[in-house]
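[1] Next comes the sequence, and after it the predicted model I'd like to discuss.
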Amino acid sequence: AIKPVSKNKNLMGKDAGPEERPKWDNKAQYLLTCIGFAVGIGNVWRFPYLCQIYGGGAFLIPYLIALVFEGLPLLFLELAVGQRLRKGSVGVWKTINPVIGGVGIGCLIVSFLVGVFYNTILAWVLWYFFHSFQEPLPWSTCPLNESRTDYNLECKKSTPVNYFWYRETLNITPDIEISGSVEWGMVICLASAWCIVYICFIKGIDSMGKAVYVTSTFPYLVLTIFLIRALTLPGATDGLLYLFTPDWQTLKNPRVWLDAATQIFFSLSVAFGGLISFSSYNEEKNNCERDAVLVGVINSATSLYASIPVFSILGFKATTALNACKDENILALTNHFEFSDQNITLQNYDYWYEYLNTTYPGKFQSLSLRECDLQKLLKQVLTPSYSTGLAFIVFTEAVISMPGSQVWAVLFFVMLFSLGLSSMFGNIEGVLSPLNELKLLPRWIPKELTSAIICLISFLVALLFTLSSGNYWVEVFNGYVGSVPLLIIALFEIIGVIYFRGMKTFSDDIYIMTGKRPNIFWKACWMVISPLLLLVVFVAYVIVQAQTRPTYQAWNPDYEKFPETEQKLYPDWVFAIIILLCVVPVISIPLVALYQLLRGRFRKSSVGMELNPYDNDAFVTDTQEQKTQRA
């Protein structure tokens, strides 16, 4: 049933040319690239946020379940199929069966759309990086008004950090329907970000493989530095206790399980096509199972590792806010009560607060003192949202109070840029490799020019995000391009490999590559658990989204509760764009299937996979028809 293929003959018996598929210089380059693609800005901010709102340590239970039964099986499947076929996302699925060839096109579209808005975040990081060298930091104080007699009113009503983000950086409009003007400073930062991506990707894996030595390792160095510094800050212990103290009641909330499943899914960067392309540059004899487990575990461990300095700093920020609250109350109490024997201080504040409230309740209540509660302050620092602007608001405010704030700000934004840059490599690879396989680019165009064209087109599209309303559009792309489309693509990936290719044949492929067949756990996940879990998550996501009309948070100085953001409904035309962003990336799957069926090219799932004809170790599986003819 299995026979070797001649190295000098292709599957039709014709002479074949030399292998042109590039290869990694070494295994370290490959692993660092996969880890860099999987580990991104979301590991530093979205994971800690979910832990904070969903019961601290209790969130780890659904998160680990999703990692084991959803994330790792999908990651293993993508690395295995890419390494075996040595093709990109389009070539892999066309080879398995032309009917599911649309899955690769869907990966291409998703990678392009995500890359366009994701690099805009890197432009924001560059903007903050350039401003981090100023003394004092520009987000530490409010600017003067036009008459130079007082501070800017909008800044005074909010905070210097909010003002620098919403007004100086974004110059944001109060509504998504008001486009505003082009922010030319942001255009320059965006162009710089795309130039850096192009320089690192100019020769594909040849140049990218060198860049990942820095982009994939430097963030861990900075995280370690922040970890050591953060643990020494006042209030760090309170932040860590808040993170790891489980609230078991939250596990009754179905939204916890939904967010845990989607977090691990998006965090591993499966269904983008980039991991398939990266693994296709491997030697066929490589233990892709071990690679999948290693990348998945490192990705999740990074999320936990990043949470420690993040929550230590947030504990410090909450403690600072608590002391400021108490100082304000102490001033009010000192002006209205006489303290003959001892003055009220931060150290004896709780005693005097309780004593005065009990002894003089009427006079005490009339002061309308602020409520200084550490637990509420810890909750407030992350409650607003886990939007793209969170890192530019919460962390920058914490940095202000740290000694040597310029140094910490520079390190933080260099770390964020490194995280984002390594993730961009996977997005660009997820675009370039399918385009080459679709033969949409002339062969005479050199690789350097191809990369330049893709980066230029992406930059021009991303100019949308440099408008004053650009942040609203980043939120739209971030919330909907990387949600439903990825769930659908991943579901069809499993269907394509397990039910078109066949579990037995795929098991033989893994045996050829690793020397052993997948165990019962992997088979159970691929055949039942993972597709069922993906389907449940997809249905739950649709139900949750359908219950209410999508909304967004608008920064509106005229809002009666300003500086809180104003929640607004998306207009009908924006809602239509949201639907398009969910549908367009996956519409190719049914269209290509219908096209192939009409052409009569549908083949049974037992048809053998087209293998690399230049490899002596390659095998093809005879179909039943071929066995009958041979007999």
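    Everything's here; your move. The structure displayed is predicted, hence computed values, not measured ones. Numbering: from 1, shown residues only.
[2] okay, CA-based contacts and neighbour counts for the rest of this
    Noted.
[3] gap between stretch 73-87 and the chain center?
    Centroid separation for stretch 73-87 versus its chain: 21 Å, with CA atoms, centre = their mean, to the nearest Å.
[4] Can we start the residue count at 38 from this point?
    Noted, 38 is the first residue going forward, which turns the last one into stretch 110-124.
[5] ok, and the helix or strand in the protein with the lowest average confidence?
    Every helix and strand of the chain was ranked by mean pLDDT, DSSP states H and E. The lowest is strand 39-41, at a mean of 36.
[6] Which helix or strand lies directly C-terminal to that strand?
    Helices and strands here follow DSSP states H and E; after strand 39-41, the next one along the chain is helix 64-75.
[7] could I get that next one in PDB with only the CA atoms?
    Extracted in PDB, the C-alpha atoms of helix 64-75 (Å, rounded to 0.1, in the frame of the first residue of the first chain):
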ATOM      1  CA  LYS A  64      16.500  24.300  14.300                       C
ATOM      2  CA  ALA A  65      16.900  27.200  16.700                       C
ATOM      3  CA  GLN A  66      15.800  29.700  14.000                       C
ATOM      4  CA  TYR A  67      12.700  27.700  13.300                       C
ATOM      5  CA  LEU A  68      11.600  27.400  16.900                       C
ATOM      6  CA  LEU A  69      12.400  31.100  17.700                       C
ATOM      7  CA  THR A  70      10.300  32.100  14.700                       C
ATOM      8  CA  CYS A  71       7.300  30.000  15.700                       C
ATOM      9  CA  ILE A  72       7.600  31.200  19.300                       C
ATOM     10  CA  GLY A  73       7.900  34.800  18.200                       C
ATOM     11  CA  PHE A  74       4.800  34.500  16.000                       C
ATOM     12  CA  ALA A  75       2.800  32.900  18.800                       C
END
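[8] Now do the very next helix or strand once past that helix: which elements does it pack against?
    As assigned by DSSP H and E, the chain's next helix or strand after helix 64-75 is helix 78-90. Counting contacts by 3 or more CA pairs under 8 Å, 6 or more residues apart in numbering; DSSP states H and E, helix 78-90 packs against helix 273-281, helix 291-304, helix 325-373, helix 442-474.
[9] Let me have those helices in CSV, adding mean neighbour count, distance to residue 199 and mean pLDDT as columns.
    Below are these laid out as CSV (neighbours: other CA atoms under 10 Å; distance: least, CA to CA, whole Å; pLDDT from 0 to 100):
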stretch, mean neighbour count, distance to residue 199, mean pLDDT
helix 273-281, 21, 22, 89
helix 291-304, 20, 27, 81
helix 325-373, 20, 15, 90
helix 442-474, 23, 16, 92
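[10] wait, which of those helices is closest to residue 560?
    helix 325-373 (12.8 Å; CA to CA).
[11] what's downstream of the closest one, the next helix or strand?
    helix 386-396.
[12] Can you tell me which helices and strands that next one packs against?
    helix 398-403.
[13] starting at the chain centroid, how far to the helix it packs on?
    Here helix 398-403 is found 50 Å from its chain centre; the criterion is CA atoms, centre = their mean.
[14] List the buried residues in that helix.
    residue 401 (16 or more other CA atoms under 10 Å).
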